[in-house]
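# what's the 3D shape of this:
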Amino acid sequence: MFKEFKEFILTGNVIDFAIAVILAGAVGLVVNSFVQDIIMPIVGHFAGGMDFADLKYVLSPGVGTEGSEGYVAENAVRWGKWLNTIISLITVGLVLFFLGKAKLRAMGAAPDPDPTPDQNLLTEIRDALKK
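You can find the predicted model right below:
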């Protein structure tokens with residue numbers, strides 16, 4: 001059983017997958033920082049200097065001071081945080097799109113693979129039937 005596990009864990013697919021997951025986490029941190037530290041301040045600047053994360057619809061206001069007796073926390077729909085998340089999603093999508101396009105451009109177009117023997121045989125049969 002240990003031998004089977006060792007063979008499984010040392011196959012290229014498992015190692016490649018592990019590397020991809022680790023790199024995806026790192027890319028996620030970079031993209032998240034890009035969105036939160038670069039894009040959102042620019043969007044906030046053009047929106048009159050507001051921080052979208054502070055936008056909310058208060059359902060019931062808070063009562064008292066936190067930690068004191070009778071304190072009731074504010075109940076609010078924080079739609080500004082949701083808007084930030086949507087903007088982050090769109091930005092992440094754009095970044096990944098551009099990374100994919102750059103990869104395809106760098107790799108060049110893949111040549112068409114040679115036809116398999118089965119495909120060659122089917123082509124001959126098709127051509128014979130046409131005659």
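
# Not counting its neighbours along the chain, what's nearest the residue positioned nearest the centre of the chain?
Closest to where the C-alpha atoms of the chain average out (C-alpha atoms, centre = their mean) is residue 92, at 5.8 Å. Excluding its sequence neighbours, the residue lying closest to residue 92 (C-beta to C-beta, 6 or more residues apart in numbering) is residue 31, at 5.2 Å. Where C-beta positions appear, they are placed from N, C-alpha and C, glycine not excepted.

# gap between that neighbour and residue 21?
Using C-beta to C-beta, to the nearest Å, we find residue 31 at a distance of 16 Å from residue 21.

# got it, and residue 60?
Taken as C-beta to C-beta, the span from residue 60 to residue 21 is 43 Å.

# Now do stretch 28-37: distance to the chain's middle.
Relative to its chain's centre, stretch 28-37 lies at 11 Å (C-alpha atoms, centre = their mean, to the nearest Å).

# ok, and what's touching it?
Identification of contacts with stretch 28-37 by C-beta atoms under 8 Å, 6 or more residues apart in numbering yields 87-88, 91-92, 95-96.

# Now do stretch 21-37, average pLDDT.
The average pLDDT for stretch 21-37 rounds to 84.

# What does the pLDDT read for residue 127?
Confidence at residue 127, expressed as pLDDT, is 92.

# Please apply the same query to residue 75.
At residue 75, the pLDDT value in this model is 90.

# same thing with residue 124?
Note for residue 124: predicted pLDDT of 93.

# likewise residue 79?
pLDDT at residue 79 comes out at 90.

# rewinding a little: ok, the residue nearest to the centre of the chain to residue 20 distance?
Using C-beta to C-beta, one gets 17 Å for the distance from residue 92 to residue 20.

# residue contacts, residue 41?
If you count contacts by C-beta under 8 Å, 6+ apart, residue 41 has none.

# what mean pLDDT does stretch 7-15 have?
75.

# quick one, longest helix in this structure?
helix 79-107 (DSSP state H).

# following that one, which helix or strand comes up?
Next along the chain after helix 79-107, taking DSSP states H and E as the criterion, comes helix 117-130.
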